[in-house]
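**Q** 3D, please:
(2 chains)
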Amino acid sequence: MTKNILAVAFLAVAFASCSNDDDITPAEPLLTETVSNLYAPQTGGQGEPVGGEFTKFDFETGAETTSDTDWDIAFRGTTIAVNGGVATGTTDEPTRNGDVSAAIVTGTFTSVTSAADLTFSQDSETSFAIPTGSDNGWYNYNSESFTVTAIPGKVFVFKTTEGNYAKVEFISYYQDAPAVPDPFADATPYYTFNYVYNQNEGDTSLE
Amino acid sequence: MRYKFVPYLLLITYQLTLAQSQVESSKDSILSQQLDEVIVTATRTERQLSSLPLPVTLVGKKQIIKSGTVRLNEILNEQTGIITVADESGFQGVQIQGIASDYILILIDGVPLVGRSAGNFDLSRLTVGNIKQIEVVKGPASSLYGSEALGGVINIITGKPQTEALSGNASYRIGSFTQQDINLDLKQAFKKFRYGFFANRFSSNGYDLNEDVEGQTVNPFTNYTLNGRLYYDFNDKLSLFTSARFYDQNQDAGFTLDSIQYTGDTKEREWNTHARLDHKWTPNLTMAYELYYTNYMATELLADPISTDVLSDSDFNQKLFRPEVRGSYTFASKNENNTGLQNGTLTAGMGLQLDELDRTYFDETVNFTSQYLYAQYDFNPIEKLNIIAGARFDNHSEYNNQFSPKLALRHQLNNNLSIKGSVGYGFKAPDFRQLYFDFTNSAVGYTVLGYNVALDKLQELVEQEQILSVLVTEDELNKPLEAESSIGYNLGFNLKHGRGNTEVNFFRNDFKNLIDTRIIARKINGQNVFSYMNFDEIYTTGFEINSSFKLTDELNISAGYQLLYAFDKQKKQDVADNQVFVRDAESGQSVALAQSDYFGLVNRSRHNANFKVYYDIPNTSTNVNMRILYRSKYAQYDTNGNDLIDNYDTSFIDGFVTVNAAISKIFYKNLTLQVGANNLLDYTDNNIPTMPGIQGYLKLNYQF
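**A** Below is the predicted model:
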């Protein structure tokens, strides 16, 4: 897994979004980053029972983690779990001990400017906060080209274990994120996604 | 069907039609649709092509023979605005005015053919060897034909024997890919009794477009068509027509999965039996009593040749039985021009249709019954203005009753110019698959349920603890599925100019309640349960222009063009509202899709054009012809996850040209040698499996 810091300084934005007049401590800047090739394999599939450990990710560190508590979201195949809510019943899922929740917004990445007024949900016995299956959550599976494509215009806003907000746009499910993946040649599941992380706890601003 | 009636009866019965025929008899031309040609599909009475208020394409036997085509899809594909294309299921069907094969009714001598693969009717099932003419009426025709006639009706007409001497032909043709076509056609007419017998054998070794993929693109196949027809004239008022048709095809099948080569075959078999009694009660009243039965079967068996493990074993068995009575009465109050409301032809009919289908992925054999009633009035309120108004009522066991009206007008402005316009309603009943399917993909794990069985099957899955969550309410699944429907508008004119003729037709078809799949539940395995529902609204619009010129008595040229826009209304609105996105190729970030980048529906080309030259070389009994067909780019499926076709999708097939040519020479009066080639430019695309490269052929025909 590689991690690129694309741009860091968004000070002005952070000020603009602070509505509290008594907020006098200088706000930490928003972090805008890209995660490339986060590998999240699963066992089974193709009609066989699905299993295997989830690959966990922590926004605070911006890195993959094996911690059982300090993680926000976790990946296995096309399934994404959040560290909040209750077990969904799938095998080998991580124990949820945080209060992470997710909201799905339709729009461009930059158009999502705030986490305020969004409807957040958590994993539950009946569904994941990011629903599984083609066209339900973050991806579309095309049965003619056999390709998994991150649905364009879907932005995922998370409230992390520490109570910070982050927005995520998934880019690709294929290794090195080719613009036009070849499902027979390009390896999966390698997540590439962009995210913006607000380092100020509880601050809903995302621009 | 009155087209079988002997001509002198027609003169009496259809005075109306003939009264307005100021058409000069055109010479034997195959491209300018002979203006005095008679067709039956548009009105269910014999009508002169030139007098009809509807857009019609007529393909005669001469054009079929000279162009050297052997299957119906080939000759129709050469007509303006008629395209054969495979859809996402991989099966090929025909598209008219941008409307998919599901919504086009195929008839043979006026009775419907059944047996579709994922909605597509495979026109290559039909040989053109014994066809007298092909009539294509564009636009909705449900007012006469009921379900499926939204985009148009294709009616294949076989000829009635006319001569007392035994006549017919025998032919043999061999071409690339060892394609062989053998025909025998026999006809004879005695005083009261006539018969026709036709046999065809068609085979090919198939071809391979992509050597990287194991197996052939098209596997070897052989098929047989047999057709026997008997005619008996009891007296000058009562005549009987009977026809039996049999089709049988066997094709090798193969499939490689996990490096096991499964082999087997697919079989198709079809029966059509058709009997009709035509009764002329008085010169003004004729009736027809018709019985029709058809059965279409398809089976596929694939197994591992070594372990004999069966990979796939599917069968499909559809039956249709349809009795119908209809009649035509001509009111004639003998005024000068036969004009006015009181002078017209009333055509009315009623019938019963019993459908049955037994297939793999159905729990049990399912049946539909429907009763229908239709009427149409065809009259000239004033001289040179023809109006046809009609409607049909269908009562069906599985969906809401349908009322399908239609109105058509034609005005002859002067000797050379006429305008015509029509508006009509078309519908398609939900098909068996949409109602009764119960299919779970064993490899991926998703499930597709027919609408009528969805509730029960979903309950079963819940009991089996396969369901994570149900996304629809019980009420939503209890409301019956509506028939898909459309309203079609056509407006055009016909201009005769010197030795030429030009026809223009503008069309618009608004579809609603299109049935599509949606997710009704999520499964524990992460996959979805799909069922069908009414939700899509689409439109197709554009125009068609056809011009033909008879430059000399020997030289005919024609050109045709269709412009087409076909869009989903909801998606068009979503794009306008900036709710549809594409991923920027460089940054990977989503950007809103511009309206100009929404390309429209799959498999639709914006432009279609053709240019044809037929030349009879004087004094040599030789005909040469060339047909050039162009189709602009079209997309096969969405590739970038936004569920519509936009200019950034990568599944486009670029525009292409095909050139077909043939030359035939008659020796010793009755022996014809034909040499030809289809796809002379050798255009191929791995994504168009139905089109091999250049195909040459040689045909010998003996006419007697």
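**Q** what ranges does the stretch 1-150 of chain B have for its helices?
**A** Applying DSSP state H, counting those that start in this stretch to the stretch 1-150 of chain B gives helices spanning B:7-13, B:15-19, B:61-67, B:72-76, B:142-145.
**Q** and the residue positioned nearest the centre of chain A, what are its bridge partners?
**A** For chain A, residue A:168 is the residue whose C-alpha lies nearest the centre (CA atoms, centre = their mean; 5.1 Å). Under the criterion DSSP bridges, residue A:168 forms beta bridges with residue A:156, residue A:195.
**Q** one more: residue B:262?
**A** residue B:255.
**Q** give the contact list for it.
**A** By CB atoms under 8 Å, 6 or more residues apart in numbering or on different chains, residue B:262 lies in contact with B:254-256, B:302-305, B:311-312. The C-beta positions use only the backbone N, C-alpha and C, and glycine is treated the same way.
**Q** neighbour-wise, which of those residues leads?
**A** residue B:302 (19 neighbours; other CB atoms under 10 Å in any protein chain shown).
**Q** neighbours of the residue of chain B at minimum distance from chain A, how many?
**A** Taking CB to the nearest CB, chain A has its nearest neighbour within chain B at residue B:581, 2.9 Å off. A total of 24 residues lie near residue B:581 under the criterion other CB under 10 Å.
**Q** residues in contact with it?
**A** By CB under 8 Å, 6+ apart, the neighbours of residue B:581 are A:108, A:152-153, B:590-593, B:642.
**Q** now for the residue nearest to residue B:484 when sequence neighbours are not counted, how many residues are close by?
**A** Spatial nearest neighbour of residue B:484, chain neighbours left out: residue B:428 (4.6 Å); criterion: CB to CB, 6 or more residues apart in numbering or on different chains. When neighbours are counted by other CB under 10 Å, residue B:428 registers 27.
**Q** so which residues on the stretch 351-500 of chain B come close to chain A?
**A** Taking CB under 8 Å from any CB of the partner chain as the test, the list of the stretch 351-500 of chain B residues beside chain A reads B:442-445, B:468-469.
**Q** again with chain B
**A** Counting by CB under 8 Å from any CB, chain B sits next to chain A at B:88, B:442-445, B:468-469, B:519, B:522, B:524-528, B:579-583, B:585, B:588-592, B:636-643, B:650-651.
**Q** show me the residues you listed that map onto strands.
**A** B:468-469, B:519, B:522, B:528, B:581-583, B:590-592 (DSSP state E).
**Q** among those residues, the buried ones, what's the ChimeraX command?
**A** Typed into ChimeraX, the line below selects the buried ones among those, using 16 or more other CB atoms under 10 Å in any protein chain shown:
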select /B:468,519,522,528,581,582,583,590,591,592
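**Q** just give me the closest of the ones in strands among the residues of chain B next to chain A to residue B:402.
**A** Checking those against residue B:402 by CB to CB gives residue B:519 as the nearest, at 28.7 Å.
**Q** go ahead and confirm the closest one touches residue B:527.
**A** No. Using CB atoms under 8 Å, residue B:519 is not in contact with residue B:527; the gap is 9.8 Å.
**Q** shared neighbours of the two, anything?
**A** residue A:133.
**Q** widest-spaced pair of the ones in strands among the residues of chain B next to chain A?
**A** The farthest-apart pair in these, when distances are taken by CB to CB, is B:468 and B:591, at 33.3 Å.
**Q** look up the closest residue to residue 54, ignoring the ones flanking it.
**A** You didn't say which chain, so I picked chain A. Closest to residue A:54 by CB to CB, 6+ apart is residue A:74, at 3.7 Å.
**Q** correction: the question concerned chain B.
**A** residue B:42 (5.0 Å).
**Q** separation between that neighbour and residue A:165?
**A** As for residue B:42, its distance to residue A:165 is 66 Å (criterion: CB to CB, to the nearest Å).
**Q** pLDDT wise, what is the residue of chain A found nearest chain B at?
**A** Closest residue of chain A to chain B, CB to the nearest CB: residue A:153 (2.9 Å). On pLDDT, residue A:153 comes in at 94.
**Q** with that, I have no additional questions.
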